[in-house]
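Visitor: What follows is a predicted protein model with its sequence.
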Amino acid sequence: MKKIAKIIKHAVAIISLSSLVSLLTPTFQVLAVQQDAAGAGESAKIGGGYAASGQIEGVGYTTELYDATNGLPTSDANCVLGTSDGYVWVGGYSGIFRYDGRTFEKQNMSEGMTSGRTLFEDSLKRIWIGTNDNGVILVDGTETTWYTYREGLPSSSIRSFAEDNSGRIYIGSTKGLSYVDTDMSLHNMDDNGLGDEIIDSLSPGPDGKIYGRTNDGEIFSIMKQMMLKIIAAQKSLLFLRLSPEQWNRKAISIGTRIRKSNVSK
């Protein structure tokens, strides 16, 4: 128990990257999964998500639901991100919150963090926050950078992020695609036919391409800032997933409200 108390004190281990969002009600709530004392000796795999998925043999876990009644200042969580330093970030319509294992700290709204629709950690451990109405905020340690329409964003409502092999960060918004290069300059991809599309999801593939889907169910790929092709058009598309096993079979898993299917690359 002393070891568990120490982990809680340092705020980063028990509440891990395995934080989940409960979909039991239309208003999302945050479900943090905690590891119990039996798993304290697992240095490589710390967190209830490992226990819940059976990745640590003989380890149990407990669950705790957080909402506006017991610590989380909001019950409208749109997105949750567990970062490499052990914090859990929560984005909702009422702001951005960071959880250290004991308390939820609301982030400074004067720096643009007025709401949250999507959260992303890049390879440099920086946090990208996509807001619902205020553009993109990049958090790099104690420094923040704010991208809005003033810097050229086509829309202030952000839906997705992805990073390519060269460190460029792609941004999906309600009006197409943009990317930030390694010099931190913003560029719009307004010549790819997606300028009026809502880009709901972006995901990197093992081939170096970025794959994405639109709100209308189109699936596209990007290579070196150029959209290559539409792979498929699936109405009511709910998710796009790239896993190593599927990639070896040269297939991408997509799911609709009707069924799940695979699309060849």
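Guide: All right, it came through fine.

Visitor: which residue packs closest to residue 94, ignoring adjacent ones?
Guide: Counting by C-beta to C-beta, 6 or more residues apart in numbering, residue 94 lies nearest to residue 74, which is 4.5 Å off, once chain neighbours are set aside. The way it works is simple: take the backbone N, C-alpha and C, and place the C-beta from them, glycine included.

Visitor: Am I right that that neighbour falls within a strand?
Guide: No - checked against DSSP: H, G, I helix; E, B strand; the rest coil, residue 74 lies outside a strand; its state is coil.

Visitor: the bottom helix or strand of this structure by mean pLDDT?
Guide: strand 20-22 (a mean of 34; mean pLDDT, DSSP states H and E).

Visitor: quick one on the thing from earlier: show the pLDDT at the residue nearest to residue 94.
Guide: As predicted, residue 74 sits at a pLDDT of 79.

Visitor: what do you get for residue 3?
Guide: Confidence at residue 3, expressed as pLDDT, is 40.

Visitor: switch to numbering from 686
Guide: Sure, I'll start numbering at 686, so the last one becomes residue 688.

Visitor: Show me where the chain has its helices.
Guide: Remark: helices of the chain, listed N- to C-terminal, are 687-694, 733-737, 929-933; assignment by DSSP state H.

Visitor: By mean pLDDT, show me the worst of those.
Guide: Looking at these, the bottom one is helix 687-694 with a mean of 38.

Visitor: pLDDT below threshold where in the stretch 686-835 of the chain?
Guide: Low-confidence regions of the stretch 686-835 of the chain, defined by pLDDT under 70, span residues 686-738.

Visitor: which stretches of it form strands?
Guide: With DSSP state E, counting those that start in this stretch applied, the stretch 686-835 of the chain shows strands at 705-707, 714-720, 746-751, 762-767, 773-777, 780-784, 789-791, 803-806, 812-815, 821-825, 828-832, listed in chain order.

Visitor: For residue 905, which of the ones you listed is the nearest?
Guide: strand 803-806 (18.0 Å; C-beta to C-beta).

Visitor: Relative to residue 828, how far out is residue 817?
Guide: Remark: distance between residue 817 and residue 828 (C-beta to C-beta, to the nearest Å) = 23 Å.

Visitor: Which residue of these two possesses the greater neighbour count?
Guide: For residue 817 versus residue 828, the count of surrounding residues by other C-beta atoms under 10 Å is larger for residue 817: 18 against 8.
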